[in-house]
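Colleague: Sequence first, then the predicted structure:
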Amino acid sequence: MRDEQVAAAYDARAAEYIALIGSLDQMERADVALIARWRDETPGSLLDAGCGPGLWTAFLAGTGRDVIGVDLSAEFLAAARERHPALRFEAASVRDLPFADEAFGGVLAWYSLIHLPPDELPAVIAELGRVLAPGGRMLIGFFDGPPGEPFAHAVTTAHYWSADALTVLLGDAGLAVVHAERREREPGAAGSVRPHGAVIAERRASV
């Protein structure tokens, strides 16, 4: 799906999305714990790729870290800037990031790659890896299921992935998975009832 289509779909439902999962209190404790651990174990500046209204960007910056959030949705970016005026947010696509090679110690892609057509995901992972410094870590959150299979997401068509399938794609981009998890969502959890998956991958140091 093209960036313009995804941006328009989220712009149209931004207020609804923010009301549903726009604050840390609405997140599952396990998600918060994983992202906190990744943040604290990851050196350098951080990129929140697909930052939405800035929830996780602010969480990452809460310990004094240098963080940039990027998103396609103008409505999300407006909300992020209003809620977190001290933080930096930019309009950008994960397909073509406006940052130098090795600019970040960590890249967070928390459910922000789910709308990409499966055949485009390898190039996007390579682009995210491009801006990641050697030894840096990328955390990807996703809906766990048959890799590449589409489903009717509440906003627009999304795709399932698995840790095994992402491990291959990340390996092709020079990243080694150091953590993988899958779990069922808690009853009544905000956002989705679909199984959750996450991987943390480290960029191999240059030889």
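Modeller: Arrived safely, thanks for sending. Numbering: from 1, shown residues only.

Colleague: Can you list the neighbours in contact with the helix or strand encompassing residue 17?
Modeller: If you go by DSSP states H and E, residue 17 is part of helix 14-21. For helix 14-21, contacts defined as C-beta atoms under 8 Å, 6 or more residues apart in numbering pick out 10, 26-27, 52-53, 55, 73, 75-76, 79, 155, 190-191. Where C-beta positions appear, they are placed from N, C-alpha and C, glycine not excepted.

Colleague: longest helix of this protein?
Modeller: Ranked by residue count and defined by DSSP state H, the top helix of the chain is helix 29-41.

Colleague: avg pLDDT for that helix?
Modeller: Helix 29-41 comes out with an average pLDDT of 95.

Colleague: What would the helix holding residue 17 look like as PDB? C-alpha coordinates only.
Modeller: Only the C-alpha atoms of helix 14-21 are listed here, as PDB (Å, rounded to 0.1, in the frame of the first residue of the first chain):
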ATOM      1  CA  ALA A  14      -6.500  10.000  14.100                       C
ATOM      2  CA  ALA A  15      -8.800  11.300  16.800                       C
ATOM      3  CA  GLU A  16     -10.400   7.900  17.300                       C
ATOM      4  CA  TYR A  17      -6.900   6.200  17.400                       C
ATOM      5  CA  ILE A  18      -5.600   8.600  19.900                       C
ATOM      6  CA  ALA A  19      -8.600   8.200  22.200                       C
ATOM      7  CA  LEU A  20      -8.200   4.400  22.100                       C
ATOM      8  CA  ILE A  21      -4.400   4.000  22.500                       C
END
